Structures are given as C-alpha cells and as structure tokens.
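K.L.:
Just need the structure, nothing else, for what follows:
(2 chains)
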2 protein chains.
Amino acid sequence: MASPLPLPSDDLGLFTDLYELTMAQAFYQHGMFAPATFSLFIRKYPPDRGYLVSAGLADVLDYLENLRFSPASLDYLRSTGIFNAELLEYLSSLRFTGSVRAIPEGRLFFLNEPVLEVTAPIIEAQLAETFIINQLNFQVLLAAKAARCCWAAPGRILTDFAARRTHGVDAALKMARCGYIAGFQSTSNVLAAQRYGIPPAGTMAHSFISSFLSESDAFRAYAETFPDRAVLLLDTYDTIEGAYRAVPIAKELEATGHRLLAVRLDSGDFADLSVRVRRILDDAGLGYVKILASGGLDEFEVEALVQGGAPIDIFGVGTKAGVSADAPYSDMAYKLVAYDGRPVMKLSTGKVSMPGPKQVFRLRDAQGKMWKDVIAKADEKLPGGEPLLETVMEGGRRTVPSPSLEQARQRFQQDFAQLDDRHKRLRNPPHYEVGVSPALERLTSQVQEQVGSGDLE
Amino acid sequence: MASPLPLPSDDLGLFTDLYELTMAQAFYQHGMFAPATFSLFIRKYPPDRGYLVSAGLADVLDYLENLRFSPASLDYLRSTGIFNAELLEYLSSLRFTGSVRAIPEGRLFFLNEPVLEVTAPIIEAQLAETFIINQLNFQVLLAAKAARCCWAAPGRILTDFAARRTHGVDAALKMARCGYIAGFQSTSNVLAAQRYGIPPAGTMAHSFISSFLSESDAFRAYAETFPDRAVLLLDTYDTIEGAYRAVPIAKELEATGHRLLAVRLDSGDFADLSVRVRRILDDAGLGYVKILASGGLDEFEVEALVQGGAPIDIFGVGTKAGVSADAPYSDMAYKLVAYDGRPVMKLSTGKVSMPGPKQVFRLRDAQGKMWKDVIAKADEKLPGGEPLLETVMEGGRRTVPSPSLEQARQRFQQDFAQLDDRHKRLRNPPHYEVGVSPALERLTSQVQEQVGSGDLE
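P.N.:
Numbers count the residues shown, from 1 in each chain, chains lettered A, B, ... in the order given. Just a heads-up that it's a prediction; the model follows:
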C-alpha cells in the first residue's frame, strides 16, 4: 500500500530524474567536482504570451537549503543495483553548497533571459535540475496566465477558484500563490490561504441548495449563518428564478441590519444573465449586492464580458487559469553554460544556448517605461541598465530573506505598469525587445566555432 | 518565510475550498447531519478522447482515512473570524465515517458514469469534494493520455520523462503512477520509482556531454561508469556525428564483454535521423544497440513515427503527456445525488445531473468484447451485466486493501483489450455506448418534475 500521506515532505533528494544520479556517479568516478553554472530560461513564448512573470523562486531556495538524502532514500538507491558504494557515501552527506542568482519573484522577464542561474559543484547543480524546472516552469506559466486574467478585467476583482482543477495539491497551492502575485485578490483554497497569508474567499455549492427542500430555504439558512458574507448561488435550477428568490432573502437581511454580499452565476450566458440579474437586484433596491461569475472563465472570456459591459463585479477564475489551459507547458530549459571556468554551449537543432554566466539589463525610456532588455555576460556593466539578476544564495544559504508575498505582488504591479500595453494584448502581442550585448555575442561565436570544430582545448 | 518544505503532509484538512467549510457551518447550525451521496463523473469527453481510465482512487482513500484538522489548522480557521466555536469544536474531532463505492483503478469508464460515489454525513462528504476532484480529475486525464501514447506505439517501449514538466511535485509522482497503470514501462522520476515500485530509467543530459572537453570523452566516461546500461545522447552538437562517435565507444565496450544499451535522439527530425542512425549502427555491427527518442513527443507524433516505420525502440514521453497538453482539464463534477434518502439533482444549463446513488453495468458480446454500459440505480440488477462500482470503504476504513499498482496495470490491459479499436482512435473516436436503465430514467423524470415545479416535499 502507498504511504497514507499523499505527498512527500522531508525527503526530496529522490525527487530527481534518474540520469541526474547516474551522471553524478560518472562525475564522481571521473573526479569532476569543479563548479558548474546552469542557466534557466524559456526559448519560445507559449501561444499569445508577450511577457513572463518570475514565480517559484522561494520554493527553489527552500529546496536547495534542505536538499539531502535520507537513509531510506539511500537504501532505495542501493537496492536498484545501479549505484556504487562510493557514490552512496558521497550522497549521504551531500548538501547544496552553491550560489544562486535570480530575477526576483513578481518581476517580468522575457524570452531567452536567464530567470535563474545556479553555480555549484557540478554534481549538486545537476541534481537540482529536475526540481528547479518542475517548480519554476509551471509557476511562471500560472503567474503569466493570472496576470492576463487581471489585465482583461480592469477594476474588477478576481479570485482563485482553481483548487479542484489544478494538477494535484502542490499545483493548487502554487496557483493560489501565483495568482496573488499577479493581482488576484483572494483564493478559495484554505490551505493556501493559511500558508501564504492570502485572503480566503468562497460562496456556496449547488449541493448546498439541493440538500434543502427548496432553494429559498437554502438561501435563508445560509444567510442566517453568514448574515454579512453570504453569496447566493443562483443557477441550481434556473438563474432568473434564483435571482427573484434572492431578493426577499436580501430584504430579510436588511431588516436585521445586514446586507447580502453577492449573488453568483455559474452557468449559462453570463453576458445576458448578468444584465438581467443586475436589473432584478436594482429594481428591488439592492444596488449594493455584487454579482460574481464563475465557470470555465479565462482571460479571453473575461475580456469579452468586460468589454461587452457585463455588470459582473467579481470573477471566480478556476479551471482554465489553474492549468494555464491554452499554454500548459513551456520549453523552459536548465542548461550548462560554464564548467570549471570554461564557457560551454549546445548546438542541438533549434536548441542553441548562449555560453557563460549572464546578467540581464533593463533599459527604460525618459518616461520610465520599459524600453528593452539586454542579455550580457555576468561581469559586464551596462550604463543606465538595471541589472535584474540578484544574488539570493551563497554557500547554500539564502543571502537575504526571500521577499514576502506582498512584496512580490507589489513588484509585479510596478513592473507591469512600466510595460507597454502592446505586449499585454491577449492575442499575438508583439515581442518586447531583448538584445544581446556585443561581448556576449563575441563569446557565443567564439565558443560556437570551437565546439563546431571539435576543438575544445 | 514559507515553510522549508514545499508540500503539506500531515494536515490536509485545510486542503479544501472555503465554501466547503462555510457550508459545514450552515449545515451544522441547521442540524443537517443526515447522510448524503455524492457522485463523481465527467460530462463531456476532452478533445479526441473515446475512453477514460480510472486512476487516483488510492490517494482518495488515503486522504479519507487520514482526514482531520490539526490544532494549527483550527487556530487558523479561528483567526479568519468566519467560523463559530461550535463548528471549530466539531471539526476538531471530525473523521471521515462514510462509505465509498468506486470503479477500481485501471478500469475503463465512460461519459456520465460515476467513477466514485461517496456516502457520508453531509458535512464530511462535502468537505472531501475539493481533494477528491483535485486528485481524480487530473489522474484520469494523465492515465488516458498515457494509454493513448502506448496505443500509438504497439510493441515499443514507453517511459515517463515528465517529472520536470508536470505541474508540481504531486503531479510528477502521479504522472509516473498513471503512466505505469496505462502501460509505460518505467519512469525517470526516482521518488516515484521508490514510492510506487516502478522501474527507474534514464539516460544522460546535454550538460554531461558539454562538461567534458569532447563528446567522445563524455561518452567514454559514461560507458566506463555504466558499461551495461549506457544510453548515449547524440544531439548535443550534431546527431549524425554523435552517432559516428558512439560506434567506437560501443566497440570498446564489446572488447571488455559489455554492450552499449542505446543511443538517444532528442531534437531534429526523428523520422529521418532514426533511419540514418540505425544504418550507422547496423553498418558497424551494432544491431543490438537500441534507439531512444525523446523531446516534445505525444501520441500523435509517436503514431506518425511508428506508422512511418521509424526504427525507434523506446519513446521517452515527457512534456505533453505530463500535462495532458491537448486536454489539460475535464469537467469532472462531484454532485449531490441524494440527501437524507431523498434523490436530488440540479438543472443548471448544460449541467443537468441524474439523481440517486448509481451502479454502472458493463455488457459484453459473445466474444467477450465490451458492447455497452448501462447506468442504473444502485439497487438494480442487470442480468449479464458486470457491476463496475465496488464498495471500497465503509465506516471510514478500507473494506479491502487497495489493489497493487501491478494489479491496476493488469486491470487496464484486460479492459483495454476488450474495447473495440474504434474507440481507441487518436482523432475523433466514436462514443462508446452508455445507456441509462428505464428505472433510472423514470426516477430522473420524476425528480426533474418535482424540482422544476418547486415541489420538493
């Protein structure tokens, strides 16, 4: 039988691809303990994306600070017959001792820009690959998706309803967190709310309605229990009839000094229903009762509703945001760019990488708007350019505490305000300009020639 | 700062939507402790799907057996100001005391068929909704995706390379497990291999090659360390040149009594490259060296390669399978179908559900092939029909141990062999017939009339 707990906790050493460990054994056997630098970047925008949002760094740093192999893990590795005693001994005391430079959470970044660089003895840096990509890849996608949803609904409130549709518990937690960074106001996920300090939000389910003998009984019971935070779900039987049944409940609340918070639409034509429900509420003097809509909404549908003037105050965004439905994956790669002081690169078809540790500089125009980014060698300076990668870990420990979630959220708002609206368009946005410094270009040609000629010495 | 551990472990009570808890308070306050039955089903096939695969049940049962609220969770709930002392007291001793009937893991099921039914006091059954959908929804999708990949490559070996592309750690573990149920032979994910007893598999990364001064040095070093399980990655610089460099390494291994296991293609035109690499190997007398291909493969690309005769022996399937890229979500719903002995249903636009607890019967033709399924009331018998839902939990405890992963894998093979090939087509498969028993149809009309007329008493 499986462990009674659905998730691993204190032993993430084994959360790695087998080849990270077999390569470790080959590195070990061949005395390769020199420092390596790996660079994490996305080569190609997912469909319709014009920007990316840094997210997941805190998880990566937590992982690196806690990376180890428990006796049980080592026993398992031994049992596979793949590993020799020397490597297992080495792994038994392995800790991550390297450094990390990264673009902080909440910041915008773009194509080919390293969002994170790890420098450590090659075995350590290589072992961490699987977890690092696993966390950053999907969190960057979820944060960008959430940012697009918020952009589509200026002045409206968005809340994360995705917990049940994400791919597992870990994804649900991270969706709530990424959504909050990108501007969502709250989450329905109580564990995420607790862990991350995000305001929890919720309404009621159809089952609540149908467990009572009538819709009105259900509404009344809920309003009795939560006189100041009731959101009545209208569509269990018929949305318009539901709206008419909500009116007397709101009036009863008024009579006792309370106010119905909102009603919720969860199916049907939201553009039409929201107008009709708004009119029913307004005609009853319930102009203060908000309308929440949920059910398969993404940025495209939200934008169409908002631009069509649908009187929806709050969007509950779930399924499609929680899996980044139109872009559930990216080609994020973690590539060796230097080993033992030597810059390296690969030339695989369609996957050429640039050698050496890097820095990304952001240049602004006179109004402070983002103008272009330049990818440069790590040791370059670019006058007037803001360096985006910061040192966040040295010797295997954080050099500074990770920013709070509020700080990441503010950082996102600042960066986003400085990005030209063209790049925020939901369909086919133009690419933000990302240049390469002359020095990095020279290095790339140089290494490419050496590699191409087979002359690496 | 966030917890140093990236995942929750012993306190999944809070992993629920806020409304499950607010409804709990309303149920509690209104004395609603009667048993409720919830039914879990998918209403609409994701694109191109002709069948679904039960997966994730073991996680749900683990969760239900361990469901509780820790003092820290209760403190958090108290701090929100939403909950009263009575509910918190109730939650402090809450355990799941109900029963579960389900279609076992590995079995095929189809549209509208309940894959799981929970019967418990309504607060307990309702609270579990979020976790149950969170786990079963994506696991069913991943298992179906993996089944499609295997179907596309008869006689070839498939292995799970998705760990880095799945949405988080939980998803990576479940991908490995679902892939194994549906016919994958191994996984690169070492933690999943350990937890689930799946054979681990792996090759080498581009970084291994580029950390050496030449590709040949890297090949030789790896072959020295793993003389019997080396898979050489060919495309770091140029796939064809890589293949020529692999030949002498294989010969050196032969000279010491070993054999090169395989070479790996990871970019470029696999149809063309696999033929050219096969020829290079064969011309060198290395007919035994297998070819593995990986990189953005899904069932459609695998099918095209196999049907085109590409000499690829092993497919490493990652990104697109790990997120079920063309179908990352379903409309799986967990609907109240009975409360306190009374069958209930909802009538929401496009989301009508059938009332009452159910059974699904599978009918076969004279050859033993699956002919059609019939959804019936739970207490019906259908002569000649095999009932698919089994009782797996009573009084909050498993009634039988969950089947082993091998058993689920075998169950899938049995069911899949009995399904007509039409339904396995990768594009627009016809729907397998799912009927509704006359008694269930009568009940549905009857409840629909009562609900529609507002007369529920």
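
K.L.:
Name the nearest residue to A:Ala205, sequence neighbours excluded.
P.N.:
Using CB to CB, 6 or more residues apart in numbering or on different chains and skipping residues adjacent in sequence, the residue nearest A:Ala205 is B:Tyr19, 6.0 Å away. In this view, the C-beta of every residue, glycine as well, is placed from N, C-alpha and C.

K.L.:
Surely that neighbour forms part of a helix?
P.N.:
Yes: per DSSP: H, G, I helix; E, B strand; the rest coil, B:Tyr19 lies within a helix segment.

K.L.:
Please list all residues in contact with it.
P.N.:
Taking CB atoms under 8 Å, 6 or more residues apart in numbering or on different chains, we find B:Tyr19 in contact with A:188, A:202-205, A:208.

K.L.:
and of those residues, the nearest to A:Val447?
P.N.:
Nearest to A:Val447 among the contacts of B:Tyr19: A:Ser188, at 49.6 Å, using CB to CB.

K.L.:
measure the closest one to chain B for me?
P.N.:
For A:Ser188, the distance to chain B equals 4 Å [CB to the nearest CB, to the nearest Å].

K.L.:
Equivalent analysis for A:Tyr334, please.
P.N.:
If you measure A:Tyr334 against chain B using CB to the nearest CB, the figure is 8 Å.

K.L.:
what's the answer for A:Glu215, then?
P.N.:
Taking CB to the nearest CB, one finds A:Glu215 at 8 Å from chain B.

K.L.:
Could you check how many residues crowd around that residue?
P.N.:
Burial measure for A:Glu215: 24 neighbouring residues, criterion other CB atoms under 10 Å in any protein chain shown.

K.L.:
residue contacts, it?
P.N.:
Contacts of A:Glu215 (CB under 8 Å, 6+ apart): A:209, A:236-237, A:241-242, A:245, B:454.

K.L.:
Now which of these would you call buried?
P.N.:
For these, a burial check counting by 16 or more other CB atoms under 10 Å in any protein chain shown picks out A:209, A:236-237, A:242, A:245.

K.L.:
ok, and which of these reach chain B?
P.N.:
Among these, the ones lying near chain B by CB under 8 Å from any CB of the partner chain are A:209, A:236-237.

K.L.:
Make a markdown table from those and add secondary structure and pLDDT to it.
P.N.:
Shown next, in a markdown table, are these (DSSP: H, G, I helix; E, B strand; the rest coil; pLDDT from 0 to 100):
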| residue | secondary structure | pLDDT |
| --- | --- | --- |
| A:Ile209 | helix | 96 |
| A:Thr236 | coil | 93 |
| A:Tyr237 | coil | 92 |
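
K.L.:
so, if you compare the buried ones among the contacts of A:Glu215, which one comes nearest to B:Leu253?
P.N.:
The closest of these, once distances to B:Leu253 are taken by CB to CB, is A:Thr236, at 67.9 Å.

K.L.:
who are the neighbours in contact with that closest one?
P.N.:
By CB under 8 Å, 6+ apart, the neighbours of A:Thr236 are A:206, A:209-210, A:215, A:242, B:346-348.

K.L.:
from those residues, which ones fall inside helices?
P.N.:
A:206, A:209-210, A:215, A:242 (DSSP state H).

K.L.:
Point to the residue nearest the middle of chain A.
P.N.:
Closest to where the C-alpha atoms of chain A average out (CA atoms, centre = their mean) is A:Gln139, at 2.5 Å.

K.L.:
For it, grab phi and psi.
P.N.:
Main-chain dihedrals, A:Gln139, degrees, to the nearest 10: phi -70, psi -40.

K.L.:
next one: A:Gln126
P.N.:
Torsion angles, degrees, to the nearest 10, at A:Gln126: phi -70, psi -40.

K.L.:
where does it land on pLDDT?
P.N.:
pLDDT, A:Gln126: 98.

K.L.:
can you check A:Lys346 too?
P.N.:
At A:Lys346, pLDDT is 75.

K.L.:
circling back to that earlier point, mind listing what the residue nearest to the centre of chain A touches?
P.N.:
Per CB under 8 Å, 6+ apart, neighbours of A:Gln139: A:55-56, A:59, A:174, A:177-178.

K.L.:
What about chain B: which of the residues you listed touch it?
P.N.:
Within the contacts of A:Gln139, those near chain B by CB under 8 Å from any CB are A:59, A:174.

K.L.:
just the contacts of A:Gln139 now: which is nearest chain B?
P.N.:
When these are compared for distance to chain B (CB to the nearest CB), A:Asp59 wins out at 5.0 Å.

K.L.:
so that closest one sits in a helix?
P.N.:
Yes: assessed with three-state DSSP, A:Asp59 lies in a helix.
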